[in-house]
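Q: I need the structure of the sequence given here:
(one chain, ligands or ions: 2)
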Amino acid sequence: MEAPHSPAPEGATATARLTLHAPEQTQDLGRTLAKLLRPGDLVMLTGELGAGKTTLTRGLGEGLGVRGAVTSPTFVIARVHPSLVGGPALVHVDAYRLGGGLDEMEDLDLDVSLSDSVVVVEWGEGKVEDLSEDRLHVVIDRVVGSTDDERRVVTLTGYGARWAGADLALG
Ligand SMILES: Nc1ncnc2c1ncn2[C@@H]1O[C@H](COP(=O)(O)OP(=O)(O)OP(=O)(O)O)[C@@H](O)[C@H]1O
Ligand SMILES: [Mg+2]
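A: Ligands and ions are numbered 1, 2, ... in the order given. Below you'll find the model as predicted:
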């Protein structure tokens, strides 16, 4: 599934693609990716229902050393997981029901500053890009349409100066 010749999207400063074969690998990717993340980073997760966005976020939470189990934020729009290791909190957002985007996001009245946190947003495309000039976009695709195939192709694309030259080939 490598597509080395596909052009990078406009504005992209770093990109990588990898294939994951099981949910544990998706979670591991999150753990590895967490090492690259800093306070103020915005990570957007895109992928259909059950693609593995929350699974990846669970790994991010482990890698960041935050409190609380990462689950689908079904009944809340955002959940804050404070750091247990003196690092940034993880703010996990389900933007699916976030109609208005940015304004609502700022109105959520989270008791944490987004610029001190790592903000991970599921279903945020077209809604939260304005939160930061820099962002890491993670797209998770099923290799085939079948729901019992565990393979996923993950495309990581960094936008903005923050990600310029970053090595996203984390496999
Ligand atoms: N390679 C894989 N990576 C991640 N999840 C996988 C993989 N293979 C199978 N799965 C399964 O797919 C499901 C992914 O669920 P998850 O909640 O992470 O998806 P999601 O993208 O957050 O969905 P939603 O859009 O409903 O929030 C889990 O049941 C998981 O076990
Ligand atoms: Mg989810």
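Q: nearest residue to the closest residue to ligand 2 within the chain other than its sequence neighbours?
A: Closest contact between the chain and ligand 2, by Cβ to the ion, is at T54 (3.4 Å). For every residue, glycine as well, the C-beta is placed using N, CA and C. Spatial nearest neighbour of T54, chain neighbours left out: S72 (5.1 Å); criterion: Cβ to Cβ, 6 or more residues apart in numbering.
Q: how far away is the one you found from Y96?
A: Per Cβ to Cβ, to the nearest Å, S72 is found 10 Å from Y96.
Q: who does the residue nearest to V119 when sequence neighbours are not counted bridge with?
A: Leaving out its chain neighbours, the residue that sits closest to V119 by Cβ to Cβ, 6+ apart is V91, at 4.6 Å. Counting by DSSP bridges, V91 is bridged to V80, V119.
Q: Touching, V91 and D116? I think so.
A: No - look at V91 against D116 with Cβ atoms under 8 Å: they stay out of range, at 9.7 Å.
Q: out of these two, which sits in the busier spot?
A: V91 (23 against 13; other Cβ atoms under 10 Å).
Q: Could you pull up the residues touching the more buried one?
A: By Cβ atoms under 8 Å, 6 or more residues apart in numbering, the contact list for V91 reads 78-81, 110, 112, 114, 117-120.
Q: go with 10 Å
A: For V91, the contacting residues are 42, 66, 78-81, 105, 108, 110, 112-114, 116-121, by Cβ atoms under 10 Å, 6 or more residues apart in numbering.
Q: ditto for E122
A: E122 touches 43-47, 51, 53-54, 56-57, 72-73, 92-96, counting by Cβ under 10 Å, 6+ apart.
Q: among the residues you listed, which ones are buried?
A: Buried by 16 or more other Cβ atoms under 10 Å: 43-47, 51, 53-54, 56-57, 73, 92-95, out of the contacts of E122.
Q: Select from the residues you listed every entry located in helices.
A: Of the buried ones among the contacts of E122, the ones assigned to helices by DSSP state H are 53-54, 56-57.
Q: Near ligand 2, which residues of this protein are found?
A: Within the chain, the residues that sit near ligand 2 (Cβ under 5 Å from the ion) are 53-54, 72.
Q: and the residue of the protein nearest ligand 1?
A: Using Cβ to the nearest ligand atom, the single residue of the chain nearest to ligand 1 is G52, 2.7 Å away.
Q: For H81, grab the count of nearby residues.
A: Neighbour count for H81, taken as other Cβ under 10 Å: 23.
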